[in-house]
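*Asks:* coordinates only, sequence not included:
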């Protein structure tokens, strides 16, 4: 995979280690991210972790509306100053994990536009942010995130690989995923110890029962809860699934001696569907 790393922009903001901040300073990478995202003039973009505007200032001129969310109060003045020229841009100073998305976002959206999400996610809460958006009820068209390379690989990993786990299954159950280009540590200030990468998640347009979704998550977490054990042993340890796990595997025609990392997304969905219909105590 290509590593993209031309000259970097001057450093402006002091980072806060506790917030997992690594500011993107490479103008070439910023331009490439925008080209990879392919923003349109009618899109409403929700940017997560806007920082001091490295990506915001490139998106604002080309999208219908930009909603920039940033938690760090030290970044807000520069972010607001840079976006002041764009009436369609709004800055929200808030922790995205605590923000009521259904209250904050719809009133700011441009009518009849696609809601798209992007951002350079703080390393320490990237997976939590992604999981929040997988569960939200907003009509999200797609999500384009810059994350640690390891996280991007886990999201897009296939069965049988070392990176394949609960996050892989959870993301690919809800979305079509795509691994983008790799980004070198030298493109950030301060330099992280790991490479980053772009990853795209496009939610699947299907409505599933909330009970099924709950069962799917419980079953997948139980299956991956003991990675070195067989599927039968792992599921057997769950307080609710355990008592019916052997019959569940038989109904699904899945060999209990297999391990969770060998099952496809469809096989996990089949297990959850059978459990929900045949074994769940409604």
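*Replies:* Looks like it came in fine. Predicted model, so just to flag it, every value in this text is computed and none were measured.
*Asks:* I'd like the mean pLDDT over stretch 128-142, please.
*Replies:* This predicted structure assigns stretch 128-142 an average pLDDT of 95.
*Asks:* Then stretch 188-202?
*Replies:* Here stretch 188-202 scores 93 as its mean pLDDT.
*Asks:* do the same with stretch 58-68
*Replies:* Mean pLDDT, stretch 58-68: 97.
*Asks:* gap between the two ends of it?
*Replies:* 12 Å (C-alpha to C-alpha, to the nearest Å).
*Asks:* Now it: buried residues?
*Replies:* The neighbour-count check on stretch 58-68 (16 or more other C-beta atoms under 10 Å) flags 58-60, 63-68 as buried. No exception for glycine: its C-beta is placed from N, CA and C like everyone else's.
*Asks:* which residues are contacting that stretch?
*Replies:* Identification of contacts with stretch 58-68 by C-beta atoms under 8 Å, 6 or more residues apart in numbering yields 30-31, 34, 39-47, 50, 53, 56, 79, 83, 86, 88-92, 104-105, 108-110, 113, 118.
*Asks:* longest helix in this protein, by residue count?
*Replies:* helix 210-224 (DSSP state H).
*Asks:* need the next SSE after that helix, C-terminal direction.
*Replies:* Counting by DSSP states H and E, the next helix or strand C-terminal to helix 210-224 is helix 231-236.
*Asks:* Could you name the helices and strands sitting against that next one?
*Replies:* If you count contacts as 3 or more C-beta pairs under 8 Å, 6 or more residues apart in numbering; DSSP states H and E, helix 231-236 packs onto helix 210-224, helix 245-251.
*Asks:* What subset of the contacts of stretch 58-68 is buried?
*Replies:* Going by neighbour count (16+ other C-beta under 10 Å), the contacts of stretch 58-68 have 30, 34, 39, 43-47, 50, 53, 56, 79, 83, 86, 88-92, 104-105, 109-110, 113, 118 buried.
*Asks:* pLDDT weak spots in the stretch 1-150 of the chain?
*Replies:* 1-21 (pLDDT under 70).
*Asks:* Do a quick rundown of the helices in it.
*Replies:* When assigned using DSSP state H, counting those that start in this stretch, the helices of the stretch 1-150 of the chain occupy the ranges 27-37, 56-59, 76-83, 101-104, 126-135, 149-156.
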